[in-house]
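A.B. asks: Give me the fold of what follows.
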Amino acid sequence: MLGAIIGDMVGAPWEFRRITTKDFPLFNDRNGVTDDSIMTVAVADALLHDKDPAETMREWARKVRPAPHLGGYGKKFFGWLAAPTVQAPYGSFGNGGAMRVSPVAWLTHSLDECLEWARKVTEVSHDHPEGLKGALATAHGVWLARQGVDAAGIRAALESAYGYDLSPSVDGFRSVHEYNETAPGTVPPAIVCALESEDFEDALRNAVSMGGDADTLAAIAGSVAEPLHGIPHVMIESALPHIPAVMREVIRVFDSVR
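C.D. replies: Numbers count the residues shown, from 1 in each chain. Here you go, the predicted structure:
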C-alpha cells in the first residue's frame, strides 16, 4: 500500500506540469497526498476493520482532503462521494479503481480471494468492465510480485488473464501516451513502468515520465514495484512527513498485520 501512496505523492506535482523526462526531484515542497492515497487508505481501512467499502470511502473523503495545491477527485466520483447516502455505481471505466486497490493483495490469502476483494472494493463505483479489469489486473500483479514471480512471469500472466498488450517498452508507451484518466489508457503503461524498472525509484520515474496522469500512473506502478523491489527506507522517511497523521495510523496497523 505504501508503494501506491509514495507513487501518488511523487507524481502529484507533475500531474498538470507534464514532463517526459526521468530527471526530476522526487520530493519537494509540492509533494502531498491526493485522492489516490486517501482512497487507498480507505480500502485498507475497510478490509482491516470489516467495514463497507463504499461507506468507508465516503468517510475518508470527509476526513482528509487532498493537498490544496494538487489535483483532487474527478467530478463524477466526487458527486458519488458527496451524495447524502451511498449511491449506486455509475459505470465508470476510469483509473480510480486501479489506483486504490493495492491493499487487497496484501490482506488476502489466495489469488482467488485477492481478486474477489478487488472486485468488491471496485464495483461500488467503477463497475464498467474496463474499470473492473484495470483494478483486477493491478491487484493480480501485486499479488504475483508478492509470491516472488518475476517481471516476465507477471507480464505473461496479466496479458493472458486480461488481454492487455504489455509488450511495448516504457519508451514505446511514452512515445504515444497522452493524458488519460481511463483504466485501459493508464493501467497497461503503469504496469510496464513497474515491470521494466531497475528498482522502486526507477518505476516511479518511469511513470511520471509518461507525461500523463502522473500521480495515478505512479500510484499504480508503485503498487506493483513495492513487492518487486521493496521501498528504500530513505524514501519512506522522506514521504511520511507529507502523509496526514490519521492516514499514517492506518498504515501502521496495515503494516502490523500484512
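A.B. asks: what's the average pLDDT for the helix or strand harbouring M99?
C.D. replies: Assigned by DSSP states H and E, M99 belongs to helix 96-100. Mean pLDDT, computed over helix 96-100, is 96.
A.B. asks: Point out the other helices and strands that that helix packs with.
C.D. replies: Packing partners of helix 96-100 (3 or more Cβ pairs under 8 Å, 6 or more residues apart in numbering; DSSP states H and E): helix 2-11, helix 35-48, helix 111-123, helix 129-146, helix 183-195, helix 214-229. (Glycine included, C-beta is placed from N, CA and C.)
A.B. asks: Just put those in CSV and tack on mean pLDDT.
C.D. replies: Converted to CSV, the helices and strands packed on helix 96-100 look like this (pLDDT from 0 to 100):
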stretch, mean pLDDT
helix 2-11, 96
helix 35-48, 97
helix 111-123, 98
helix 129-146, 98
helix 183-195, 97
helix 214-229, 97
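A.B. asks: Could you dump the ones you listed into JSON lines with mean neighbour count added?
C.D. replies: Formatted as JSON lines, those follow (neighbours: other Cβ atoms under 10 Å):
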{"stretch": "helix 2-11", "mean neighbour count": "31"}
{"stretch": "helix 35-48", "mean neighbour count": "26"}
{"stretch": "helix 111-123", "mean neighbour count": "19"}
{"stretch": "helix 129-146", "mean neighbour count": "25"}
{"stretch": "helix 183-195", "mean neighbour count": "27"}
{"stretch": "helix 214-229", "mean neighbour count": "31"}
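A.B. asks: re the thing from before, so what touches the helix holding M99?
C.D. replies: Outside of helix 96-100, the residues within contact range by Cβ atoms under 8 Å, 6 or more residues apart in numbering are 4, 8, 35-36, 39-40, 42-43, 74, 77, 121-122, 125-126, 131-132, 134-135, 137-138, 183, 186-187, 190, 216, 219-220.
A.B. asks: Can you show me the CA trace of that helix as CSV?
C.D. replies: Extracted C-alpha coordinates of helix 96-100, given in CSV (Å, rounded to 0.1, in the frame of the first residue of the first chain):
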residue,chain,number,x,y,z
GLY,A,96,-9.8,5.2,-9.8
GLY,A,97,-10.4,1.5,-9.1
ALA,A,98,-6.8,0.6,-10.0
MET,A,99,-5.2,3.4,-8.1
ARG,A,100,-6.8,2.4,-4.7
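A.B. asks: Show me the residue at the heart of this protein, geometrically.
C.D. replies: Among the residues of the chain, the one closest to the centroid is M99, at 2.7 Å (Cα atoms, centre = their mean).
A.B. asks: from what I can see T56 touches D45, true?
C.D. replies: Yes - between T56 and D45 there is a contact under Cβ atoms under 8 Å: 5.4 Å.
A.B. asks: In terms of pLDDT, where does R18 sit?
C.D. replies: R18 is assigned 88 on the pLDDT scale.
A.B. asks: next one: the one 4 residues further on
C.D. replies: Here, the pLDDT recorded for K22 equals 97.
A.B. asks: Can you get me a residue count around it?
C.D. replies: 15 (other Cβ atoms under 10 Å).
A.B. asks: Is it part of a helix or strand, or is it coil?
C.D. replies: coil (DSSP: H, G, I helix; E, B strand; the rest coil).
A.B. asks: I'd say it and A207 touch.
C.D. replies: No - contact criterion Cβ under 8 Å: K22 and A207 do not qualify, at 9.7 Å.
A.B. asks: rewinding a little: how about the helix holding M99: buried residues?
C.D. replies: Neighbour counts using 16 or more other Cβ atoms under 10 Å place G96, G97, A98, M99, R100 of helix 96-100 among the buried residues.
A.B. asks: if I look at the second one, how far off is D52?
C.D. replies: Here the criterion is Cβ to Cβ, to the nearest Å. By it, G97 lies 16 Å from D52.
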